[in-house]
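[1] Have a look; sequence and predicted model below, questions after that.
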Number of protein chains: 2
Amino acid sequence: MMKMLELIPGPSQMLPNVLKALGTPCGSSDLDPTFWDDYLALECNLQELLQAKNCNVVIQSGEAMLALWGALKSTIKPKDVVVCGVNGIYGEGFANMAKALGADVRVVQSDWRKTIDIEALCLEIRHSNPKLVTVVHCETPSGVLNNLNGVGEAVATYTTDGLFLVDFVSSGGGAPLNVDAWKIDLGLLGPQKALSGPPALAFTTVSEKAWKRINEVQYLGYDALQPFYRAALQQPRLLPYTHNWQAIRATLVACNNVKEEGGIDVVLHRHAEVSAFARRQVHETLQLTLYGDESAASPTVTAIELPEGTDWDALQEELCAQKLLVGGSYGPLKGRVLRLGHMGTQANKEVVVKAIHIIRAALEKLK
Amino acid sequence: MMKMLELIPGPSQMLPNVLKALGTPCGSSDLDPTFWDDYLALECNLQELLQAKNCNVVIQSGEAMLALWGALKSTIKPKDVVVCGVNGIYGEGFANMAKALGADVRVVQSDWRKTIDIEALCLEIRHSNPKLVTVVHCETPSGVLNNLNGVGEAVATYTTDGLFLVDFVSSGGGAPLNVDAWKIDLGLLGPQKALSGPPALAFTTVSEKAWKRINEVQYLGYDALQPFYRAALQQPRLLPYTHNWQAIRATLVACNNVKEEGGIDVVLHRHAEVSAFARRQVHETLQLTLYGDESAASPTVTAIELPEGTDWDALQEELCAQKLLVGGSYGPLKGRVLRLGHMGTQANKEVVVKAIHIIRAALEKLK
């Protein structure tokens, strides 16, 4: 199924120079001190891209889910109060993960088609003084981008020592983000979405306040953040496992592609333009309805409601036959929503135009 | 520091065809069903290589340490009795990990220079009826290969439902191994040692008996084995995260390199020959002492005692200046032992000859 037109919600396609770096020999990350030049350069690139200069960025070897589990397990203990902002499947997922870890979870449920209810969330934060507040920036399965304005401020002001965790796995690098200004203590990202790197690393921005908690909790495991605390300052520098140097090199090249394009602002503008274009095409050409409100549309992924009676499996098969790969969805949205992932290299108008025409023809055919 | 002569105890150098596969575009492992052809083909290759046809091989995205944590956390609960065979740093590491998980750990300590004391280990198994028995096949930091003869049999015969866990990360593919015959319930491997693949995956052979426990324990986390239970038989097939398709492709090519060479027996023979040659060279050319007994020498790594008074940092610097990269060691062996890693592509007599001469010259110079 190679050489398909891909408009999937990640992993997005890597450019040739990123793939080339992935397939280039490296030395031993355990023994060759130049490994650390690359590790620290990638941290520096991510700090810049995410406006997280007051944070460390921990780079772990594994997929982005590693950052989700790592951040939760490294910072909460059983019975800790955790407030989860929920307006989608991934937000709900965090609540379930925190419950599984024995936390006392307070869910603030909002409309799944709109941005999260900040007022209700801040009220709950003020009321229950949580150890951790979780929010998903972009709900990938429904294409909703959450406004986070004031949440970090509320966590900082109205809790004793609460931490603000944001999953920006499918928005970071594609939607405006300011980790420092938004007071995000733990921000989660992977390279395979808007950065179009390999699905092989997990990134976590960690504030000083979060390090303090991490060092108290002393959680041990593959996903643990603690072993990365000041790792670069130790003598000798020691990581808990052999790192994936190739993937770090490839992601450095992906970050450099952002710079070559004109910097993060230019890239964000491209995402905004392409996604607005995609939404217009959904209305005008497909005459279909978006799942989420226009005001909450993510610049990285667009979720479209399928017309009543559409058989998703048949539609997907027809799209595949026409060499187009798009996303379906999960949970309650399974079979009801089709997703265009226009993130990273896939934030491309020409690809969107082609995809829309293929989808229109397929829907006509299946009518 | 590229283009060094490398004789390190992993990651071993990938051959050009393995690197090429790593840098070749793949589709989406989440959406493209052909991903599963590769996943299952790699499982099948590993089953053959490790003689683990009665087991599944779970393939996880991350480094081999992921398999260590995943196997322990997926199978033991606090207070479970765990017997750890210890004759080296890694064996001791397992005991510490199990203790950190709240297990009731019984350490069977043996001489660190010899193969593990099977009799003492089996006696303890019989005596304490453990839920889990851990042994490291090759103690990478000291170059000792453990004889495991009869341990699995003892676990199967003398425990209620005990599991036998073997870490063969740095021996699998380089030393004889028979997972089924040796009754190994959980066998751990990564691609970057004797297979000379990328340091990006973790493999765990899982017996039916181990699956039963895993399904009882129901551990949740990034490293959890449970989500892989019969994953290929589900409809739709669903993994807990986006997999690293490139790394799976690269490891498939690495397995194919084993076949091209003439099969695993030919590869094992090369490892045995090269390591025996290396040990002779240590005695005859360097006139140094091996750390471990000849009878317990691993075919994948050779640990050499440094002469009294040698400054390891100065020696390593000199070797690097002469373009040779070898291993030092950890823990109590730090600064006392030099290691030659002749695993995978590095199990090569010519490289060993060159390395020995560089080491001899460096030791002369530093005298």
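    Here it is on my side, so go on. Numbers count the residues shown, from 1 in each chain, chains lettered A, B, ... in the order given.
[2] At the contact with chain B, which residues of the stretch 51-200 of chain A appear?
    By CB under 8 Å from any CB of the partner chain, the part of the stretch 51-200 of chain A that sits against chain B consists of A:60-66, A:68-70, A:73, A:97, A:100, A:192, A:198-200. Heads up, the C-betas are built off the backbone N, CA and C, glycines and all.
[3] try 7 Å this time
    Within the stretch 51-200 of chain A, the positions lying close to chain B (CB under 7 Å from any CB of the partner chain) are A:61-63, A:65-66, A:69, A:100, A:192, A:198-200.
[4] Helix, strand or coil: sort out residue A:319 for me.
    When classified by DSSP: H, G, I helix; E, B strand; the rest coil, residue A:319 comes out as helix.
[5] So for it, what pLDDT did the model give?
    In this prediction, residue A:319 carries a pLDDT score of 96.
[6] Chain neighbours aside, what residue packs nearest to it?
    Nearest non-adjacent residue to residue A:319, counting by CB to CB, 6 or more residues apart in numbering or on different chains: residue A:362, 5.5 Å away.
[7] what sits against that neighbour?
    Contacts for residue A:362 (CB atoms under 7 Å, 6 or more residues apart in numbering or on different chains) come out as A:315, A:318-319, A:322.
[8] list the contacts for residue A:184?
    Contacts of residue A:184 (CB under 7 Å, 6+ apart): A:152, A:164, A:166, A:205.
[9] Tell me where the stretch 101-250 of chain A has helices.
    Assigned by DSSP state H, counting those that start in this stretch, the helices in the stretch 101-250 of chain A fall at A:118-128, A:151-158, A:208-217, A:245-261.
[10] Quick one, which of the ones you listed gets closest to residue A:14.
    helix A:245-261 (7.2 Å; CB to CB).
[11] The very next helix or strand once past that closest one to helix A:245-261, inter-axis angle?
    Later in the chain than helix A:245-261, the nearest helix or strand by DSSP states H and E is helix A:264-284. Relative orientation of helix A:264-284 versus helix A:245-261 (axes from the mean of the first three to the mean of the last three CA atoms, to 10 degrees): 80 degrees.
[12] Among the contacts of residue A:184, name the ones in strands.
    Among the contacts of residue A:184, the members found in strands (DSSP state E) are A:164, A:166, A:205.
[13] Now for the closest residue to chain B within the stretch 1-150 of chain A, how many residues are close by?
    Proximity of the stretch 1-150 of chain A to chain B (CB to the nearest CB) peaks at residue A:23, 2.1 Å away. Neighbour count for residue A:23, taken as other CB atoms under 10 Å in any protein chain shown: 21.
[14] Let's see the pLDDT reported for it.
    So residue A:23 comes in at 98 (pLDDT).
[15] residues in contact with the closest residue in space to it that isn't next to it in sequence?
    Once flanking residues are discounted, residue A:23 sits nearest to residue B:23: 2.1 Å by CB to CB, 6+ apart. The neighbours of residue B:23, taking CB under 7 Å, 6+ apart as the test, are A:19-20, A:22-23.
[16] can you list those residues in a markdown table and add secondary structure?
    Converted to a markdown table, the contacts of residue B:23 look like this (three-state DSSP):
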| residue | secondary structure |
| --- | --- |
| A:19 | helix |
| A:20 | helix |
| A:22 | helix |
| A:23 | coil |
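[17] Let me see the ranges of the strands in chain A.
    Using DSSP E, strands in chain A cover A:5-7, A:56-61, A:81-86, A:104-109, A:132-136, A:138-139, A:144-145, A:163-167, A:186-189, A:201-206, A:301-305, A:324-326, A:337-341.
[18] burial count for residue A:37?
    Neighbourhood size, residue A:37 [other CB under 10 Å]: 10.
[19] Please tell me how far it sits from residue A:29.
    11 Å (CB to CB, to the nearest Å).
[20] swap in residue A:141?
    According to CB to CB, residue A:141 and residue A:29 sit 35 Å apart.
[21] the more surrounded of those two?
    Neighbours per residue (other CB under 10 Å) separate residue A:141 from residue A:29, with residue A:141 holding more: 27 against 23.
[22] Touching, the more buried one and residue A:92? I think so.
    No - between residue A:141 and residue A:92 there is no contact under CB atoms under 7 Å: 10.2 Å.
[23] Can you tell me which of the contacts of residue A:362 lies closest to chain B?
    Among those, residue A:319 lies closest to chain B (CB to the nearest CB), at 10.8 Å.
[24] The closest one: what's it in contact with?
    A:326, A:358-359, A:362.
[25] ok, now with 8 Å
    A:325-326, A:358-359, A:362 (CB atoms under 8 Å, 6 or more residues apart in numbering or on different chains).
[26] same check, this time on residue A:107
    Applying CB under 8 Å, 6+ apart, we find residue A:107 in contact with A:84, A:86, A:92, A:95.
[27] In chain A, where is pLDDT below threshold?
    For chain A, the stretches flagged by pLDDT under 70 are A:1-2.
[28] I'd like the distance between the residue nearest the centre of it and chain B.
    Central residue of chain A (CA atoms, centre = their mean): residue A:169, 1.0 Å from the mean position. Residue A:169 is 10 Å from chain B, where distance means CB to the nearest CB, to the nearest Å.
[29] is it true that that residue touches residue A:191?
    No - using CB atoms under 8 Å as the test, residue A:169 is too far from residue A:191 to be in contact (10.0 Å).
[30] residues contacting the closest residue to residue A:113 other than its chain neighbours?
    In this structure, residue A:113 finds its nearest non-sequential neighbour in residue A:292, 4.8 Å apart by CB to CB, 6+ apart. Under the criterion of CB under 8 Å, 6+ apart, the neighbours of residue A:292 are A:112-114, A:142-144, A:298, A:303.
[31] just residue A:231 next, same as before
    Contacts of residue A:231 (CB under 8 Å, 6+ apart): A:237-239.
[32] ok, now residue A:77?
    A:102, A:217.
[33] repeat that with 10 Å
    Neighbouring residues of residue A:77 by CB atoms under 10 Å, 6 or more residues apart in numbering or on different chains: A:101-103, A:131, A:213, A:216-217, A:219.
[34] Would you format these as CSV with neighbour count included?
    What follows is those, written out as CSV (neighbours: other CB atoms under 10 Å in any protein chain shown):
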residue, neighbour count
A:101, 19
A:102, 12
A:103, 23
A:131, 22
A:213, 23
A:216, 12
A:217, 18
A:219, 19
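[35] Cool, thanks, signing off.
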